[in-house]
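Undergrad: Quick one: sequence plus predicted model below, questions after.
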Amino acid sequence: MAFWFELVATGLITGGIYALVALGLNLQYGLMRIMNISHGEFLMLGAYLTWLGHTVLQVNPILFLPVVALALFALGVVVYWLCFRRIIRTAPAVEVIEARSLLVGFGLLFLVQNAAYLAWGADLRGYSFLTEAVDVGGARFQVNRLVVFAFAVGASLLLLAVLRWTLIGKAVRAMMQSPTGAQLVGIDTRFLHPVVFGLGLAMAGVAGALLSMVYEISPGMGEPYTVTALIVIVLGGLGSALGSLLGGFLLGLVETFGMHYTSPSLKMLLSYAVLIGVLLARPKGLFAR
Amino acid sequence: MSRFTLRDSILATLLAALVLSAMPWLMSDFALALTLTCLMYAGLAVSWAMFCGATNYLSLATAAFFGMGAYVTAWGAETLAYGLAVLLGGLAAAVFAALVGAAVLHLRGAYFAVITFGLGELVRHGITYYEKAYAGTVGRVISDPPETVTIYHTVLLLTALAVVTALAVRASRLGLALRGIGSDEERARTLGVDTRRAKVLAFSLSAFFPGALGAAMAMRWTYIDPLSVFNPFIGFQTVLIAMVGGAHTILGPIASSVLFSLLTEYLRLQFPYLFLVILGLLLILLVLYLPGGLASLLDRWRWGKSRA
């Protein structure tokens, strides 16, 4: 029983991070049709910021989370203004926005990732933080993993709550349903787009900061998370925040169980098999109504 | 290009191919290797644009087709003749594309991009697993590869063939159907176009060339492993080249593949990271301020001239 519990818990911990990364990406896509392929690079920046904060300024990584979130939010607003605003204004059709933002995403990916290589080199970096183990219900976990899980789920739920119960959340949902209709009732795109883009990057940054507490970091660490996030949002449905959360957990569980029962080298094979299976059976995502 | 007839364009392509076919005896080895890279990317980008440029689909499956072709060569190198391996590589990719296309071409936009990328990765991980578990190897060495000149001529032939096919498709009913799908699929279907058939046919046709090119390039590389031939970068780079050049044209992707290959070759070795930073910046600026690709520069210039 304890063994099962441990397996499920491990899957959920991985899934919590997936959900957090995917939520940000999904918001950006759902609202603006920006397929931000460089999402993982901002996760990497969040991880490096936390690492710098811990090793240079000796700040507790948990206390540093709000700083990372704010810094990436600001960066997101700037990136939106510099890169994506023009695309959304000038593109004649939704598909064109998707294609061009994908290209710009690639540009950002090259730019940010290699700037990080220039700044910090290709070495793996890391620090140890809360590595002692605790017993929970008969299974043993490192404390830092539990912290990561708690914050990942906490941040995801916070975002869902903001979307559901605040005025700005309502505006975001309205705009996802019908961009023209939302503008007709006075929702301001010029305000909402940069804010949501920044929010997406802030989520990625927080995810990166959390990951740096558990794993070693490198400038190339973000890319696999982008790919995983893409899988998660397709599983959960493009534009569906709750779907991303559930999809993230699902993928985490599938990976953990699959790796346990087959072999670790099949991890990615399993993710893609799940993705393709779901897309063929339910093209609009598992949780689409 | 519109001022030329189909026959003129095909003749021009064949003429260019004829000139390029003499290059092995005129160029240094380094320049020849560079030309080979240019040709490979030109072939990949033109065949990508053949389907995706017209229909506005975003396929990231090029790496999958390329890798499949390469593995046909790797597995069959000892038993198959060289020309046959290249042909089979192309056919394998085309059949795969037809099967996949029939299943997923009803998806559009981001869904299609993600699933084609996922399929490529699925094939890559599948082959990696198979090789490790059943063949006991990670990569494969191709013993006794043909001469560089032979490979160069093969790649040249395939690229020229891709350009001619793209030209022919564009001038045909299929090309019209594809463009109709690109601008409004519902309307195309209402007007009696069998959109499903047109899409599967064109997708499969456009997969033949990356497959065959992969089979030929595997011979050139002599050592292949799943990571190098299914490298997602091959797919991304192809999309970038085609879109930077102007995916709705044929000349644009060719021009930008030359540009990209030269840039890559000269800068990447000296400043690996800085090069990619600059490439990223360039890409962003290009998309923002020249969204129609390099081809739109030509259009603009022509338009200006016709007004003068």
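TA: All right, it came through fine.
Undergrad: Spell out which parts of the stretch 151-300 of chain B neighbour chain A.
TA: Residues of the stretch 151-300 of chain B lying near chain A by C-beta under 8 Å from any C-beta of the partner chain: B:236, B:239-240, B:243, B:273-277, B:279-284, B:287-288, B:291. Any C-beta I mention is one placed from the backbone N, CA and C, and that applies to glycine too.
Undergrad: Any chance of a ChimeraX selection covering the buried ones in these?
TA: Buried residues within those, by 16 or more other C-beta atoms under 10 Å in any protein chain shown, are selected in ChimeraX with:
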select /B:236,239,240,243,273,275,276,277,279,280,283,284,287,288,291
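Undergrad: Tell me which of the residues of the stretch 151-300 of chain B next to chain A fall in helices.
TA: Cross-referencing these against helices under DSSP state H gives B:236, B:239-240, B:243, B:273-277, B:279-284, B:287-288.
Undergrad: how deep is residue A:95 tucked in, by neighbour count?
TA: 17 (other C-beta atoms under 10 Å in any protein chain shown).
Undergrad: which element is it on?
TA: Element membership for residue A:95, per DSSP states H and E: helix A:94-120.
Undergrad: The nearest residue to residue A:225 once chain neighbours are set aside: what's it in contact with?
TA: Closest residue to residue A:225 apart from its sequence neighbours, by C-beta to C-beta, 6 or more residues apart in numbering or on different chains: residue A:40 at 4.4 Å. If you count contacts by C-beta atoms under 8 Å, 6 or more residues apart in numbering or on different chains, residue A:40 has them with A:21, A:109, A:204, A:221, A:222, A:223, A:224, A:225, A:226, A:227, A:229.
Undergrad: Let me know the closest of the residues you listed to residue B:214.
TA: Lowest distance from residue B:214 to these (C-beta to C-beta) belongs to residue A:227, with 21.9 Å.
Undergrad: State the distance from the closest one to chain B.
TA: To chain B, residue A:227 is 8 Å away according to C-beta to the nearest C-beta, to the nearest Å.
Undergrad: Now for that residue: which residues touch it?
TA: Residues near residue A:227 by C-beta under 8 Å, 6+ apart: A:40, B:117, B:121.
Undergrad: Other residues contacting stretch A:195-206?
TA: For stretch A:195-206, the external contacting residues (C-beta under 8 Å, 6+ apart) are A:20-21, A:23-25, A:27-28, A:31-32, A:34, A:36, A:39-40, A:42-43, A:45-46, A:49, A:65, A:68-77, A:79-80, A:84, A:151, A:155, A:159, A:168, A:172.
Undergrad: Just the CA atoms of stretch A:100-118, as PDB, please.
TA: Extracted C-alpha coordinates of stretch A:100-118, given in PDB (Å, rounded to 0.1, in the frame of the first residue of the first chain):
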ATOM      1  CA  ARG A 100       4.100  34.100 -36.800                       C
ATOM      2  CA  SER A 101       4.100  33.900 -33.000                       C
ATOM      3  CA  LEU A 102       5.500  30.400 -33.300                       C
ATOM      4  CA  LEU A 103       8.400  31.800 -35.400                       C
ATOM      5  CA  VAL A 104       9.000  34.700 -32.900                       C
ATOM      6  CA  GLY A 105       8.900  32.100 -30.200                       C
ATOM      7  CA  PHE A 106      11.700  30.200 -31.900                       C
ATOM      8  CA  GLY A 107      13.600  33.500 -32.100                       C
ATOM      9  CA  LEU A 108      13.200  34.100 -28.400                       C
ATOM     10  CA  LEU A 109      14.200  30.500 -27.700                       C
ATOM     11  CA  PHE A 110      17.400  30.900 -29.500                       C
ATOM     12  CA  LEU A 111      18.000  34.300 -28.000                       C
ATOM     13  CA  VAL A 112      17.300  33.600 -24.400                       C
ATOM     14  CA  GLN A 113      18.800  30.100 -24.200                       C
ATOM     15  CA  ASN A 114      22.100  31.100 -25.800                       C
ATOM     16  CA  ALA A 115      22.300  34.300 -23.900                       C
ATOM     17  CA  ALA A 116      22.100  32.100 -20.800                       C
ATOM     18  CA  TYR A 117      24.900  29.900 -22.200                       C
ATOM     19  CA  LEU A 118      27.000  33.000 -22.700                       C
END
